[in-house]
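Chemist: 3D model of this:
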Amino acid sequence: MPSLASTFARWGTPPTPVTVSAEAREFLTDTLGEPNPRPSVPLAEVVTPESRLTAAQLSALTEIVTDSGVSVTSSDRLAHAAGCSLTDYLKQRSGDASNPPDAVVRPASHEQVRELLSFCSNHGISVVPYGGGTSVTGGVSRADTKALAVAIGFDRMAQMLSIDEVSMTVTVQPGITGPVLERILATRGLTWGHLPQSWERATIGGYIATRSAGQASTGYGRSDEMVEWLRVATPMGELELGRAPKSAAGPDLRQLFIGSEGAFGVITEITLRIRHLPAITKYEGLMFPDYASGVAAFRELAQARLTADVMRLSDADETHATLAMSGPKGRQGDLFGKYLDVRKVSGGCMSILGWETQSRIALTARRRAAWSILKRHGAATLGSSVGQSWKKHRFDGPYLRDELLDRGYVVETLETATHWTTIDQLRSAVKNALVGALETETGHPYVMSHVSHVYETGGSLYFTVLVPAAADPIAQWASAKQAATDAIVANAGTVTHHHAVGRDHAAWLEDEIGIEGMRILRAVKAAVDPEQVMNPGVLLPMA
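Modeler: Take a look at the predicted model:
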């Protein structure tokens, strides 16, 4: 796991340097104005309150989670105190460490988790399953400052347990990360194929508990679609769910825990569908004359079942920012501009397509069929170098946010999804809501978006916001988030496509699933967690 020094109030230290280029600095200054640097409070100056657990409680915990699996050190508790949302970072950057868990426990087995949850339920101690801590919706940040709480770290439950190369499944513990799992599978010529932007840090258990989507989900499927079997521990008992690839044996109870963010229990073992590693890959860039053409092409590809594995369509603002900050310069830039003019896509919208296949014949056939549609919508190729550049830098975003926060900018993202009929209406409504909430006489926001995942009936929209930080940036973003989510609800969008509900979206869940839906979820929680100790405030708002 990354060290506390490298992750406190920031994503971490990149494997290769990630910096804000001179072109990016110029773009940001021209667009947003001169930055006002805001360095974070040094870690050495952060004061962590003492654990409130009694000696008897600590002793009992150490009997359950043996072999030094219980820690009350300031560094451990601070490292498990918050997630990776802008609000989490801003609080930590100010030195706010007022609400850490009272202990970090690292169970080594399903049995220890089961006993731990029973103990905490009997003693009114809240439990926050932490995983990689990459939640951006408040999913691991405690809302209740009064109740005693422990965070579960899964460092000692991070193994691949078994693999079935006939049925093509793998069974893992929840703490294993994407990079580790992929390295193990690659030695057998296999892959899970799930790579969200949090891939470097997030755990597989976290993916499932938040119903995440990877960058290649259009081709490989979302995490929830890849789950074959679950083992779950709850304060009241345990469940094993998923007998066969498909079943008609009543409602699929796996779905109660997939996306539940630890509100009902802890996922302790997972069987996942896997695939053969692609023998041939091709990532390419293209440009559409405008956003409407790109959306129409993506919709037609999805409904003709001719999609690439990765499909990403930037709007005009995101395209402009991308080209200004990292596009070709000088003579090469002039030639690029002339090419766009000749192809009649200058000022258009950029797209990335990623293809992963088992043979060159299959790749050629898939691309030929897709490009017959793309060309009808005015797409012009930008070649493989653009696609490869995106692939190379696709995990850089969180590191760049660290740098921009240091420079005094508010940088945050949000996402949603809707049907093709309303996708442009939703994009405009959310963008206008964000601009309206963040526009001031001294600061102007830059809001951009892209289509990140496509389905036959609709797609996901992912927004990125840049704005100079106000005197109170936490309140600044809270206002913007409120306005944006209200706009999502009012315009037929889901409150979250792949970031989960967490605490940040809990207030809007009833708008999406209704009063009866909330009643059902509360009934489930009462059945498996009657003392309400499992991650209070996540998914279901606290009373």
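Chemist: the strands in the stretch 301-450 of the chain, which residues?
Modeler: For the stretch 301-450 of the chain, strands defined by DSSP state E, counting those that start in this stretch occupy the ranges 310-314, 349-357, 380-383, 409-419, 446-454.
Chemist: so can I have JSON lines of the ones you listed showing mean pLDDT and distance to E50?
Modeler: (C-beta placed from N, C-alpha, C; glycine too.) As requested, the strands of the stretch 301-450 of the chain are exported to JSON lines (pLDDT from 0 to 100; distance: least, CB to CB, whole Å):
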{"stretch": "strand 310-314", "mean pLDDT": "98", "distance to E50": "47"}
{"stretch": "strand 349-357", "mean pLDDT": "98", "distance to E50": "50"}
{"stretch": "strand 380-383", "mean pLDDT": "97", "distance to E50": "57"}
{"stretch": "strand 409-419", "mean pLDDT": "97", "distance to E50": "33"}
{"stretch": "strand 446-454", "mean pLDDT": "98", "distance to E50": "43"}
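Chemist: so which of those strands gets nearest G242?
Modeler: Nearest of the strands of the stretch 301-450 of the chain to G242, taken as CB to CB: strand 446-454 at 24.1 Å.
Chemist: minimum distance to G83: which of the strands of the stretch 301-450 of the chain has it?
Modeler: Proximity to G83 (CB to CB) singles out strand 409-419 among the strands of the stretch 301-450 of the chain, at 12.8 Å.
Chemist: what are the buried residues along that closest one?
Modeler: Across strand 409-419, burial judged by 16 or more other CB atoms under 10 Å covers Y409, V410, V411, E412, T413, L414, E415, T416, A417, T418.
Chemist: swap in stretch 86-100?
Modeler: For stretch 86-100, a neighbour-count test (16+ other CB under 10 Å) marks L86, T87, D88, Y89, L90, K91, Q92, R93, D96, A97, P100 as buried.
Chemist: and the least confident of the residues you listed?
Modeler: Least confident by pLDDT among the buried residues of stretch 86-100: that is A97, with 89.
Chemist: which SS state does it fall under?
Modeler: What DSSP: H, G, I helix; E, B strand; the rest coil gives for A97 is coil.
Chemist: same thing with L239?
Modeler: strand.
Chemist: was I right to think it contacts R231?
Modeler: Yes - A contact is recorded between L239 and R231 when judged using CB atoms under 8 Å, the distance being 7.4 Å.
Chemist: the two: who's more crowded?
Modeler: A direct count of neighbours by other CB atoms under 10 Å for L239 and R231 places R231 higher, at 21 against 17.
Chemist: skip the chain neighbours and tell me the closest residue to the more buried one.
Modeler: Leaving out its chain neighbours, the residue that sits closest to R231 by CB to CB, 6 or more residues apart in numbering is E269, at 3.9 Å.
Chemist: got it, and A213?
Modeler: The shortest distance from A213 to any residue other than its chain neighbours is 3.7 Å, reached at H498 (CB to CB, 6+ apart).
Chemist: same check, this time on A81
Modeler: Spatially, and ignoring its direct neighbours in sequence, A81 is nearest to P100 (3.9 Å; CB to CB, 6+ apart).
Chemist: that neighbour - that's part of a strand, no?
Modeler: No - the assignment for P100 (three-state DSSP) gives coil, which keeps it out of a strand.
Chemist: contact partners for it?
Modeler: Contacts were defined as CB atoms under 8 Å, 6 or more residues apart in numbering; by that measure P100 touches T48, P49, R77, L78, H80, A81.
Chemist: switch to 7 Å and redo it
Modeler: Contacts for P100 (CB atoms under 7 Å, 6 or more residues apart in numbering) come out as T48, R77, L78, A81.
Chemist: PyMOL command to pick out the buried ones of those?
Modeler: Of the contacts of P100, the buried ones can be selected in PyMOL as follows, counting by 16+ other CB under 10 Å:
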select buried, resi 77+78+81
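Chemist: can you put the contacts of P100 in TSV and add secondary structure and pLDDT?
Modeler: What follows is the contacts of P100, written out as TSV (DSSP: H, G, I helix; E, B strand; the rest coil; pLDDT from 0 to 100):
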residue	secondary structure	pLDDT
T48	coil	93
R77	helix	96
L78	helix	94
A81	coil	94
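Chemist: save the contacts of P100 as TSV, and put in distance to W11 too.
Modeler: Conversion of these to TSV gives the following (distance: CB to CB, whole Å):
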residue	distance to W11
T48	21
R77	20
L78	16
A81	16
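Chemist: for D486, which non-adjacent residue is spatially closest?
Modeler: A433 (6.9 Å).
Chemist: thinking that neighbour is in contact with A484, fair?
Modeler: Yes - here A433 lies in contact with A484, judged by CB atoms under 7 Å, at a distance of 5.0 Å.
Chemist: that older thread, quick one, which of the strands of the stretch 301-450 of the chain gets closest to A158.
Modeler: Comparing those by their distance to A158 (CB to CB), the top pick is strand 349-357, with 26.5 Å.
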